[in-house]
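Engineer: no sequence for this one, just the structure:
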């Protein structure tokens, strides 16, 4: 079926958005719309310009016979700051305080609109080809891992603290929980991570840092490399010893007696080079 | 900034796709693009027609002073069948067989492209306003819950089998694991589900049915209603006793001695009224 330019633009936009970091060939577009490649190229010029002006992301052009275009989602600084500030205000709500100085976050991490924006912002910190796989630990890191994976178009793997028979053979390590100083165990299904992978770690909350250090050791066990670590909330209340870990929100103070949570924007928002 | 029609169409398409089941007002569009409402209406007519012809979904128009449009993602039958068939073939791969007749699925449930299509297809079975919240059980149901939640624009909640101090007070129930006949416990944070909610249950694998029955009891404890239950894989090998549960894939046979997994399309794909 032959579509008009206006209809092609709409359909190409949805295809690009649904396939981030994936090469879509000019030939396929040309066949799909029964249109000349020159018309498709003109369409893509309009889309590229609009994606940039509206802060949707970049369109990269790959020339040559096997050429085409790739959509690279990129949050801009303004969007990242607005998102982090909105979340910061919500996190300071004293109703989130739980006994023991914990902070209730499950509503935020079960909200698809927050996850979509969070995923786009974290993904914006990494270049094409820089990350092969996202790793997190069950359970609350999973939604963040999935959101980032979607924007980077890479798979995610879930490390577990308990053994599950439905995973097949696993590689396990022992690690010291930073906050409670207990020795714990975590494991990952052997077939879920290829050796030589470049792994981005994401998690919901950084306290003592034991979990992140454990994940890094596990990645090393798989002869793979940690290319980054990003957590949603980092707590400065506990003196963690994790290098090179970035956060979206940094919790400065938790006071259960005065009913106060104080937070500021985390290092990822401050340091990341957004578009 | 004033955009041309072609640029408006691209930006409106991305806004609609990023906000499913959400009312976007004509007034907001008109201000965003510094254009007359009549022009915006014409744009929306083109988008509506293209979304339908390309199988992206429906655009619903709400008229009146507070009027606007809503994007309702809808998979068509062809897309649903193609997806389920692609997954079925992958699941029949004998390498997925694990000791005890389990099937390895973690790669599929960690693949953002599969999750996106799965989420769209499951969401297509439910009307606007029919579902308030998605419920699943940790860990492997979480990616499915998130994918469906994204397309229905509702939150998801995670029921846990282990207690976590970071959830606050919880409601717990005991249930009988259908396959192993053990009594187990599951719990959900009290503040994560309002009474009177309409809940859609999703999970990765249905075996004995104990987990699904447990989730339904838990929903009743919250004075809420189960409006549907959809699992990714249903195993016919175990004689489960769960009514009104639909599946994407139905596993007919698991034979570890002959190295065979046999699967067919599940009831959700057969029975759902796609667009």
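Structural biologist: Yep, that arrived. Since this is a predicted model, take the numbers as computed values, not measurements.
Engineer: drop to CA atoms for contacts and neighbour counts, all remaining ones
Structural biologist: Noted.
Engineer: okay, now residue A:100: neighbour count?
Structural biologist: By other Cα atoms under 10 Å in any protein chain shown, the residues close to residue A:100 number 11.
Engineer: Could you do the one 3 residues further on as well?
Structural biologist: One way to gauge burial is a neighbour count; for residue A:103, by other Cα under 10 Å, it gives 24.
Engineer: Now for it: which residues touch it?
Structural biologist: A:96-97, B:166 (Cα atoms under 8 Å, 6 or more residues apart in numbering or on different chains).
Engineer: Which one of these is nearest to residue B:3?
Structural biologist: Nearest to residue B:3 out of the contacts of residue A:103 is residue A:96 (Cα to Cα; 42.7 Å).
Engineer: quick one on the thing from earlier: who wins for neighbours among the contacts of residue A:103?
Structural biologist: Most surrounded of the contacts of residue A:103: other Cα under 10 Å gives residue A:97, at 22 neighbours.
Engineer: Would you confirm that it contacts residue A:257?
Structural biologist: No. Using Cα atoms under 8 Å, residue A:97 is not in contact with residue A:257, being 10.3 Å away.
Engineer: Please report phi then psi for the residue positioned nearest the centre of chain A.
Structural biologist: The residue lying closest to the centre of chain A (Cα atoms, centre = their mean) is residue A:148, at 2.5 Å. Dihedral angles of residue A:148 (phi, psi; degrees, to the nearest 10) stand at phi -70, psi -40.
Engineer: What residues sit buried inside stretch A:52-62?
Structural biologist: Residues of stretch A:52-62 classed as buried by neighbour count (16 or more other Cα atoms under 10 Å in any protein chain shown): A:55-59, A:61.
Engineer: Number of residues surrounding residue A:102?
Structural biologist: 17.
Engineer: returning to that earlier point: okay, the residue nearest to the centre of chain A: pLDDT?
Structural biologist: In this model, residue A:148 is scored at 98, pLDDT.
Engineer: can I assume it is in contact with residue A:120?
Structural biologist: Yes. Contact criterion Cα under 8 Å: residue A:148 and residue A:120 qualify, at 6.5 Å.
Engineer: Stretch A:121-139 vs chain B: in contact?
Structural biologist: Yes. Applying Cα under 8 Å from any Cα of the partner chain, one finds stretch A:121-139 touching chain B at A:138-139.
Engineer: Run through who's touching that stretch.
Structural biologist: A:21, A:72-75, A:80, A:142, A:145, A:148-149, A:151-152, A:154-161, A:197-203, A:227, A:230, A:272-274, B:138-139.
Engineer: Write the ChimeraX selection for whichever of those are buried.
Structural biologist: Of the contacts of stretch A:121-139, the buried ones can be selected in ChimeraX as follows, counting by 16+ other Cα under 10 Å:
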select /A:21,72,73,74,75,80,142,145,148,149,151,152,154,155,156,157,158,159,160,197,198,199,200,201,202,203,227,230,272,274 /B:138,139
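Engineer: quick one: which of the contacts of stretch A:121-139 sit in strands?
Structural biologist: A:72-73, A:156-159, A:198-203, A:227, A:230 (DSSP state E).
Engineer: As a check, name the ranges of all strands in chain A.
Structural biologist: Using DSSP E, strands in chain A cover A:24-25, A:57-62, A:68-73, A:97-98, A:102-103, A:133-137, A:156-159, A:170-176, A:183-189, A:198-206, A:225-235, A:246-255, A:260-265.
Engineer: average pLDDT across the third one?
Structural biologist: When you say that, I think you mean strand A:68-73. If you average the pLDDT over strand A:68-73, you get 96.
Engineer: Who are the packing partners of it?
Structural biologist: helix A:5-18, strand A:24-25, helix A:26-33, strand A:57-62 (3 or more Cα pairs under 8 Å, 6 or more residues apart in numbering or on different chains; DSSP states H and E).
Engineer: give me that answer again for 10 Å
Structural biologist: Applying 3 or more Cα pairs under 10 Å, 6 or more residues apart in numbering or on different chains; DSSP states H and E, one finds that strand A:68-73 contacts helix A:5-18, strand A:24-25, helix A:26-33, helix A:37-53, strand A:57-62, helix A:112-123, helix A:142-152.
Engineer: Next one: the residue nearest to residue A:35 when sequence neighbours are not counted relative to residue B:24, how far apart?
Structural biologist: Once flanking residues are discounted, residue A:35 sits nearest to residue A:2: 7.3 Å by Cα to Cα, 6 or more residues apart in numbering or on different chains. Plainly put, residue A:2 is 30 Å away from residue B:24 if you go by Cα to Cα, to the nearest Å.
Engineer: mind checking pLDDT for residue A:175?
Structural biologist: pLDDT, residue A:175: 92.
Engineer: Wait, it touches residue A:208, no?
Structural biologist: No. Assessed by Cα atoms under 10 Å, residue A:175 is found out of contact with residue A:208, at 11.9 Å.
Engineer: what do these two both touch?
Structural biologist: Common contact partners of residue A:175 and residue A:208 (Cα atoms under 10 Å, 6 or more residues apart in numbering or on different chains): residue A:181.
Engineer: more neighbours, the two?
Structural biologist: residue A:208 (23 against 20).
Engineer: hang on, that one packs against residue A:214?
Structural biologist: No. If you go by Cα under 10 Å, residue A:208 and residue A:214 don't touch, sitting 11.5 Å apart.
Engineer: can you list residues touching both of these two?
Structural biologist: Joint contacts of residue A:208 and residue A:214 (Cα under 10 Å, 6+ apart) are A:176-177.
Engineer: how many neighbours does residue A:132 have?
Structural biologist: 20.
Engineer: Kindly report the same for residue A:165.
Structural biologist: Residue A:165: 14 neighbours (other Cα under 10 Å).
Engineer: for it, what are its contacts?
Structural biologist: Counting by Cα under 10 Å, 6+ apart, residue A:165 touches B:98-100, B:102-104.
Engineer: just residue A:177 next, same as before
Structural biologist: Residue A:177 makes contact with A:183-185, A:207-214 under the criterion Cα under 10 Å, 6+ apart.
Engineer: In helices, which of these appear?
Structural biologist: A:210-214 (DSSP state H).
Engineer: now that we have these, which one has the most neighbours?
Structural biologist: Neighbour max across the ones in helices among the contacts of residue A:177 (other Cα under 10 Å) = residue A:212, 28 neighbours.
Engineer: hang on, that residue packs against residue A:200?
Structural biologist: No. In this structure, residue A:212 is not within contact of residue A:200 by Cα under 10 Å, at 11.2 Å.
Engineer: what is in contact with the two at once?
Structural biologist: A:136, A:229-230.
Engineer: Quickly name whichever of the residues you listed is closest to chain B.
Structural biologist: Nearest to chain B out of the shared contacts of residue A:212 and residue A:200 is residue A:136 (Cα to the nearest Cα; 11.2 Å).
Engineer: what bridges to residue A:20?
Structural biologist: For residue A:20, the beta-bridge partners under DSSP bridges are residue A:71.
Engineer: Relative to chain B, how far out is it?
Structural biologist: 10 Å (Cα to the nearest Cα, to the nearest Å).
Engineer: neighbours around that residue, how many?
Structural biologist: 20.
Engineer: Tell me which residues touch it, please.
Structural biologist: With Cα under 10 Å, 6+ apart, residue A:20 has these contacts: A:57, A:59, A:70-73, A:150-154.
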